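coordinates only, sequence not included:
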């Protein structure tokens with residue numbers, strides 16, 4: 001039996017705990033033993049994104065200390081996983097421990113596809129769903145091939161969702177476009193962030209989506225704020241919720 005440590009990012013823990021529970025349900029349904037280290041904290045991404053490396057470094061050190069002994073670390077967040085895999089080397093000295101933790105830290109859909117080799121997730125979700133490919137998952141974790149790359153097409157998230165009975169997956173006209181969140185970018189450049197988010201929503205609405213899903217609750221949070229302020233009927237749900245049958 002594969003054992004994983006479930007890493008639950010700050011925004012999921014505080015705002016979307018149901019996403020963490022859905023990830024747990026999906027993992028256990030596929031025969032995984034899941035442990036939740038209670039000493040875990042933020043991965044340091046908000047500080048690092050703002051250029052505050054000294055403030056982010058202790059959190060990176062703590063991450064290694066908490067998760068260093070596990071077979072795999074799995075998180076329902078592409079951006080937090082990318083922080084560990086792609087940006088911890090900028091904060092911490094090179095070591096075997098760092099390389100080991102980086103290699104074994106995976107986003108949920110990535111883990112299901114690349115480690116467990118899941119080809120089809122059992123379940124039913126009879127809705128029209130637009131897939132938002134967040135920037136970190138697309139361009140840093142390579143959860144899908146991306147429209148700008150001349151490589152054979154693949155999409156790990158879409159592949160898992162497509163097995164759900166009754167689901168209709170819709171492609172926006174600009175499938176790889178950023179939603180405008182970008183962490184502290186949404187605070188420092190709020191007007192630009194807002195317009196980018198509105199453009200993203202309009203694209204999904206034109207395709208007739210009832211629900212927008214993705215691997216990052218932070219991106220979905222940004223879109224949901226715009227939806228609620230505009231009184232729109234379209235909803236957002238994390239991919240873990242769809243795979244768990246709880247959306």
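Received, thanks. What you are looking at is a predicted structure, and each value in this text was computed from that prediction instead of being measured. Numbers count the residues shown, from 1 in each chain.

Who are the packing partners of the lengthiest helix in the chain?
The longest helix of the chain (DSSP state H) is helix 190-206. Applying 3 or more C-beta pairs under 8 Å, 6 or more residues apart in numbering; DSSP states H and E, one finds that helix 190-206 makes contact with helix 185-188, helix 217-230. All C-beta spots, glycine's among them, are computed from the backbone N, C-alpha and C.

If we go by neighbour counts, what in the first one is buried?
Buried residues in helix 185-188, defined by neighbour count with 16 or more other C-beta atoms under 10 Å: 185-186.

Now do the helices for the protein: every range, in order, please.
10-15, 17-29, 45-49, 53-67, 78-82, 96-104, 108-114, 135, 156-161, 185-188, 190-206, 217-230, 239-244.

Outside of the lowest-mean-pLDDT helix or strand in the chain itself, list whatever touches it.
Counting by mean pLDDT, DSSP states H and E, the chain has its least confident helix or strand at helix 185-188, which shows a mean of 82. Residues outside helix 185-188 that contact it (C-beta atoms under 8 Å, 6 or more residues apart in numbering) are 49, 180, 192-193, 222.

rewinding a little: rounded mean pLDDT for the longest helix of the chain, please.
Here helix 190-206 scores 93 as its mean pLDDT.

repeat for stretch 48-55
The average pLDDT for stretch 48-55 rounds to 91.

Buried ones in that stretch, by neighbour count?
Using 16+ other C-beta under 10 Å as the test for burial, stretch 48-55 gives 48-49.

what's the answer for stretch 128-146, then?
In stretch 128-146, counting by 16+ other C-beta under 10 Å, buried: 129-141, 143-146.

quick revisit: any chance of CSV for the helices of the chain, columns distance to residue 38?
Below are the helices of the chain laid out as CSV (distance: least, C-beta to C-beta, whole Å):
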stretch, distance to residue 38
helix 10-15, 11
helix 17-29, 13
helix 45-49, 20
helix 53-67, 9
helix 78-82, 17
helix 96-104, 18
helix 108-114, 20
helix 135, 31
helix 156-161, 29
helix 185-188, 30
helix 190-206, 34
helix 217-230, 20
helix 239-244, 20
